Structure formats: structure tokens, C-alpha cells
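Novice: give me a 3D structure for the following:
(one chain, ligands or ions: 1)
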Amino acid sequence: MSKTEIVSYEPATGAEVWRGPVADIDETVARARRAWPAWAAQPLSTRMELMRRFANEVRKDAEKLAVMIAREVGKPLWEARAEVDSVIGKVELSIRSYAERTAQRKLDSALQGTMAVRHKPHGVLVVLGPFNYPAHLANAHIVPALIAGNAVIFKPSERAPASGEILARCFHRAGISAAVMQFAPGGPVQGAAFVAHEGVDGVLFTGSANTGISINRRLAARPDKLVALEMGGNNPMVVWDTPKLTDAASLIVQSAFATTGQRCTAARRLIVRDTMYDAVMSEVKALADRVIFGAPFDEPAPFMGPVIDNAAADGLTESFLYLLSHGGKAIKHLVRPHETLPFLSPAIIDVTAMKDRPDVELFGPILQVIRVSDFDEAIAQANATRFGLAASLIGGTPQEYNRFWANVRAGIVNWNRPTIGPSHAAPMGGIGLSGNHRPTGYYAADYCAYPVASGEMEQPRAMIGVGLK
Ligand code: NAD
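Specialist: Residues are numbered from 1 along each chain as shown. Below you'll find the model as predicted:
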């Protein structure tokens, strides 16, 4: 990749997928600034109708988009198809959410006349997308931002521009102009330039904590810019008493290894009651041994594909070796069958004996296991992280779940459900290093517009009643 060009490659084969020039930052921002007032002035019903047309365009291109996602980021085709379904589903949810969360309200008061609460768009928003859900997660910001009346500059992940381009074309074919929803390919350099640009009113970011922190730092003296950060996690899953071992193992394997562990909500740390340890871990290992990992279009379909690239596979391998050489005990080794391709097997490692466990997000198929003897210790271990995205309790009593819910610090707290697969009809965000208290999902409407309070009367009415000579 040069400074002026972006190239993406298929993780499963190494073949080139897409090549194109990076966006011109000043031109892109100027075009968006010119376009957004007219877009904001459209009736809300028009913007909503255009979003529905966009959903129809995605329906028409559904298979093309799914195939491209599968090629470009390596996820199995069945999973890429599910991602496209989420893109389509986001439209009706966003329409509902905008109406519910930013509804116009009028309060009548004899003294003050009418107090109206309405929302306005910010202006030009930059959406910085991650690679792991190259269509759905960018779209999860784009659709609510457009409905609210913002112009959007969409900079997809440099590792998935082709998927982003198909998505952008669906907006354009639906009748949303290429100035209101701009496709702006680029990498970190272009991302940082958009963040810092004077003509940009806000940044809607989904990606790693390190990048999120650098954006936050860059804008520390700019409280005028809207910043929504959706970042990573080091998510705990606690297994307590349950007779349903097969179901528990299925939830654990699903949470840790779906999307090859490349989900922000993936379970990274499995915290197991010691009396349950042998039974749980033998079920989990047996199921993980059955996981097929392979190329996205393989038959039979794999459960998981490769990780995004060789650099990621190298990093994960190094991290696994680090854990092993610092007291970790492998329950299932990380295997890389092809040296030059980023396929990795699911891996499980017991890190109970490790003294200083690194609190980092290992964005791949590595599950760390910690053995504990009482419930308070389980909660303390779950909270032993600076992140706070998702947490789940498997088993336990309703009273234990209540304690877990009340004491575990995370934006998603589940019971007998996986850590992954958040509901699109609920807020989706985390605390700590996982986000800046601007959850996306159903609550995206909240950060895409700002509320304006207006006291309104048809005629002026005198107010001063006392203190005059
Ligand atoms: P990343 O941080 O490498 O990149 C995300 C986006 O930011 C890309 O478009 C990239 O080009 C851009 N970028 C990189 N450096 C930048 C900079 N200095 N300034 C501005 N923009 C910059 O993330 P990734 O590897 O693509 O995605 C994986 C990460 O995303 C994981 O940490 C995962 O947990 C997180 N994630 C979070 C959520 C969530 O909803 N909380 C969802 C999915 C993924």
C-alpha cells in the first residue's frame, strides 16, 4: 500500500481484491459541507423514504455484497450473508429509533408558553469503519446519521474498501447523492486527517482502543466536535453451576470463536468455578476440536475463516507463546497450518497460574481460562480489566445473576446467553476502554443529532413583575 493508494487482499488466498486511490481530504470535506444544508432541509419523511430505497438496493445486491465481504475479510459465506441481513434490518430499526429517541416534544405551560424540544443534525460526520464487519458496523452509524440530516464521509477500513464501495453504491443508486454520502477510501493517515479537519463536525468511530484513544487525544481541545467511540473488549464469561454442560459449551465456543474471535464482544476470558472445571473444560475442548476452520467458500462450510492478515496471525501466535512462556497451560494449542496464510485453529489456554496477565484485547481465536473458587472472586476476575464491553454468566441462580449484573462493569451483561450477537433493538456500547458513553445500536440516534430546547409564544408577553421603579 502506497501513500496514495489502497490495496486490499483476500486473507484466505492472498489474492488482490481492490486497488484505488485514497480520497482527497480537503475536496471530500468541502463537497460534504456544500451538500449537507440541502440534505438537512429535506423533510424527515423524504430522508426515511430514501433509506428504505437504500435497503431495497442492498436486497438487490445482497449476494454480491456477501461474496465480497467473505472474500475481503475471510468470514464464511453464511456469516457474510447474515451481515448483509443486518445491513438491511438496520434501516427500519433506525427509523423506529429516530422517532422514539429524538421525537419532537411540546410541553405547554401557562407561564412560559410552549416549550418545544426538537433535534438538529451536527453537519458533516466522518464514519471510520473497522474491518471485521465492513458493511454492517459502518452502516450502523451511516443510516442513523443520514436520517438525522447529517452529510456523511465514510472511510472504510483500509482492509475492506471493496465491501465499503458496494455499500456506498447502494446509497447512491437509492438516490442519496454522492456528496451527501461520500465513499472516501484511505487508511490511518486519511482517518487522522479527517478527524482533525476543521470542516468536520464529528467522528463516529468503530475500531480498536488504541485508535480510539488517539482520536480522543487529537480532539481533547475540541469539545465542539461530536466523538462517538465504539472500541474493543477483554470480555469475561463466568461459568457457575449448571447441569446443562453441552449447552454451556456451545455458548462458550460460539462466544470465543465465531468470526475467528474477531468480534468486539467475543469472550476472551472464561472464568470457571473449580468444582465445574473438569466437566466444563472437557466439553468445551471436545466442541472446539470439532470446529472446522477454512476458506469462506469451502464445502462443507467452515465455522470460522482465517484472521484478517498474516500480521494479525503473527501477532496472535506471539501472544499465545507469551502466555505459554509466562505460566499459561495449553488446553488446546494454537495451530497455523499454512505458514504464509493467516488460518488459525481455535486455541484455549489456562492462565490461572499467571501472575501479571496482560489486559489486552487478543483479536482472534484465543480463549484464556481462569479457575476460581467463589463467586466474589469470579466477579473480581471479570472486572480485572480496563475494558467493559460485554460479560456473560452461564448457570448460577437468579440471585447470583442479580449479583453479577449489579457488580460487573460492562455495557452488555447477559445471563445464559453468549457475549456476542448483541440485539440491534438495544443499545450497544461499553464503558472503560470500550467506549465513551455514546452507545451505538438502537441508541445511535442519540449521538447523530443534538436536542434544541425552544420556549415559544406567538406574541411577546411582558415578564418583569417586580423590582421596577
Ligand atoms: P482499527 O482501530 O485498526 O481501525 C478502525 C478504523 O480507524 C479504520 O478505518 C482505520 O483506517 C481508522 N484509523 C486507524 N488509525 C487511525 C487514526 N490514527 N486516526 C483516525 N482513524 C484511524 O480497528 P480494526 O482493526 O479495523 O477493527 C478491529 C477493532 O475494532 C477491534 O479492537 C474491535 O474490538 C473493534 N470493534 C469494536 C466494535 C464496537 O462496537 N465496540 C465493533 C467492531 C469492532
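Novice: got the domain ranges for the protein?
Specialist: Per automatic domain parsing, the domain ranges recorded for the chain read 5-231+435-455, 235-415.
Novice: quick one: which of those is nearest the ligand?
Specialist: domain 5-231+435-455 (2.3 Å; CB to the nearest ligand atom). All C-beta atoms are positioned from the backbone trio N, CA, C, and that covers glycine.
Novice: endpoint to endpoint, that closest one covers what distance?
Specialist: Terminal residues of domain 5-231+435-455 are spaced 52 Å apart (CA to CA, to the nearest Å).
Novice: just to revisit the earlier point, indicate which one of the domains of the chain is closest to Ile464.
Specialist: Across the domains of the chain, Ile464 has its closest neighbour in domain 5-231+435-455 (13.4 Å, CB to CB).
Novice: tell me the mean pLDDT over the closest one?
Specialist: For domain 5-231+435-455, the mean pLDDT works out to 97.
Novice: could you dump the domains of the chain to a markdown table with mean neighbour count?
Specialist: Listed next are the domains of the chain as a markdown table, based on neighbours: other CB atoms under 10 Å:
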| stretch | mean neighbour count |
| --- | --- |
| domain 5-231+435-455 | 20 |
| domain 235-415 | 19 |
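Novice: got those as CSV, with distance to the ligand columns?
Specialist: Output for these, formatted as CSV (distance: least, CB to the nearest ligand atom, whole Å):
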stretch, distance to the ligand
domain 5-231+435-455, 2
domain 235-415, 3
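Novice: adding distance to Ile464, write these out as JSON lines.
Specialist: Output for these, formatted as JSON lines (distance: least, CB to CB, whole Å):
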{"stretch": "domain 5-231+435-455", "distance to Ile464": "13"}
{"stretch": "domain 235-415", "distance to Ile464": "48"}
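Novice: closest one to Met428 among these?
Specialist: domain 5-231+435-455 (3.1 Å).
Novice: where exactly do the helices run in the stretch 101-250 of the chain?
Specialist: All helices of the stretch 101-250 of the chain, identified by DSSP state H, counting those that start in this stretch, fall at 136-147, 161-173, 188-196, 209-218, 245-257.
Novice: got those as a markdown table, with distance to Leu125 columns?
Specialist: Below are these laid out as a markdown table (distance: least, CB to CB, whole Å):
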| stretch | distance to Leu125 |
| --- | --- |
| helix 136-147 | 5 |
| helix 161-173 | 14 |
| helix 188-196 | 10 |
| helix 209-218 | 13 |
| helix 245-257 | 32 |
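Novice: where does the stretch 301-450 of the chain have low pLDDT?
Specialist: Nowhere does the stretch 301-450 of the chain drop to pLDDT under 70.
Novice: show me where it has strands.
Specialist: Taking DSSP state E, counting those that start in this stretch as the criterion, the stretch 301-450 of the chain contains strands spanning 329-332, 347-350, 366-372, 387-388, 390-394, 412-415, 427-428, 431-432, 440-441, 449-456.
Novice: the stretch 151-300 of the chain too?
Specialist: Secondary structure of the stretch 151-300 of the chain (DSSP E, counting those that start in this stretch): strands at 151-155, 181-183, 202-206, 226-230, 235-239, 267-273.
Novice: residues in contact with Ile153?
Specialist: Each residue near Ile153 by CB atoms under 8 Å, 6 or more residues apart in numbering is listed here: 23, 28-29, 32, 124-127, 182, 184, 194, 200.
Novice: now the two most distant members of the residues you listed.
Specialist: Using CB to CB, the contacts of Ile153 span at most 15.2 Å, a distance reached by Ala23 and Leu125.
Novice: wait, Thr4 sits on Pro21?
Specialist: Yes - here Thr4 reaches Pro21: they are 6.0 Å apart, a contact under CB atoms under 8 Å.
Novice: I'd say Ile370 and Thr352 touch.
Specialist: Yes - between Ile370 and Thr352 there is a contact at 5.3 Å, judged by CB under 8 Å.
Novice: now distance to Gly175 too, for the strands of the stretch 301-450 of the chain, in CSV please.
Specialist: What follows is the strands of the stretch 301-450 of the chain, written out as CSV (distance: least, CB to CB, whole Å):
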stretch, distance to Gly175
strand 329-332, 51
strand 347-350, 48
strand 366-372, 45
strand 387-388, 40
strand 390-394, 37
strand 412-415, 36
strand 427-428, 29
strand 431-432, 39
strand 440-441, 25
strand 449-456, 22
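Novice: nearest to Phe257, out of the ones you listed?
Specialist: Minimum separation from Phe257 across the strands of the stretch 301-450 of the chain (CB to CB) falls at strand 366-372, 7.5 Å.
Novice: can you pull the alpha-carbon coordinates of the closest one into PDB?
Specialist: C-alpha atoms of strand 366-372 as PDB (Å, rounded to 0.1, in the frame of the first residue of the first chain):
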ATOM      1  CA  ILE A 366      -7.700 -17.500  21.700                       C
ATOM      2  CA  LEU A 367      -9.700 -18.200  24.900                       C
ATOM      3  CA  GLN A 368      -8.000 -17.700  28.300                       C
ATOM      4  CA  VAL A 369      -9.300 -19.700  31.200                       C
ATOM      5  CA  ILE A 370      -9.200 -18.800  34.800                       C
ATOM      6  CA  ARG A 371     -10.200 -21.100  37.700                       C
ATOM      7  CA  VAL A 372     -11.900 -19.600  40.700                       C
END
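Novice: what helices or strands is it leaning on?
Specialist: helix 245-257, strand 267-273, helix 310-325, strand 347-350, helix 375-382 (3 or more CB pairs under 8 Å, 6 or more residues apart in numbering; DSSP states H and E).
Novice: give me the angle between that strand and helix 375-382.
Specialist: Put simply, strand 366-372 runs at 150 degrees to helix 375-382, going by axes from the mean of the first three to the mean of the last three CA atoms, to 10 degrees.
Novice: partner strands of strand 366-372, with direction?
Specialist: Partners of strand 366-372 in the sheet, by DSSP bridges, are strand 267-273 (parallel), strand 347-350 (parallel).
Novice: which residues touch that strand?
Specialist: Contacts for strand 366-372 (CB under 8 Å, 6+ apart): 252, 256-257, 261, 267-274, 277, 281, 316, 319-320, 323, 328, 331, 334, 346-352, 357, 362, 378, 381.
Novice: and what of stretch 398-412?
Specialist: Outside stretch 398-412, the residues that touch it by CB under 8 Å, 6+ apart are 233, 235-236, 238, 240, 265, 375, 379, 382-383, 388-391, 393, 396, 413, 415, 419, 422, 427-432, 434-435, 439.
Novice: what of stretch 142-149?
Specialist: With CB under 8 Å, 6+ apart as the test, stretch 142-149 has contacts from 36, 39-40, 42, 44, 47-48, 50-51, 54, 90-91, 94-95, 97-98, 102, 119-121, 125, 127, 152, 154, 171, 176, 180-181, 204, 444-445, 448-449.
Novice: start and end of stretch 127-147, how far apart?
Specialist: Using CA to CA, one end of stretch 127-147 lies 14 Å from the other.
Novice: contact partners for His44?
Specialist: For residue 44 the amino acid is Leu, not His. Contacts of Leu44 by CB under 8 Å, 6+ apart are 98, 147, 149.
Novice: got phi/psi on it?
Specialist: When read as degrees, to the nearest 10, the backbone of Leu44 gives phi -50, psi -40.
Novice: would you agree Ala23 falls within a strand?
Specialist: No - going by DSSP: H, G, I helix; E, B strand; the rest coil, the assignment for Ala23 is coil, not a strand.
Novice: thought it was touching Pro185?
Specialist: Yes - when contacts are counted by CB under 8 Å, Ala23 is listed as touching Pro185 (5.8 Å).
Novice: right, I'll leave it there.
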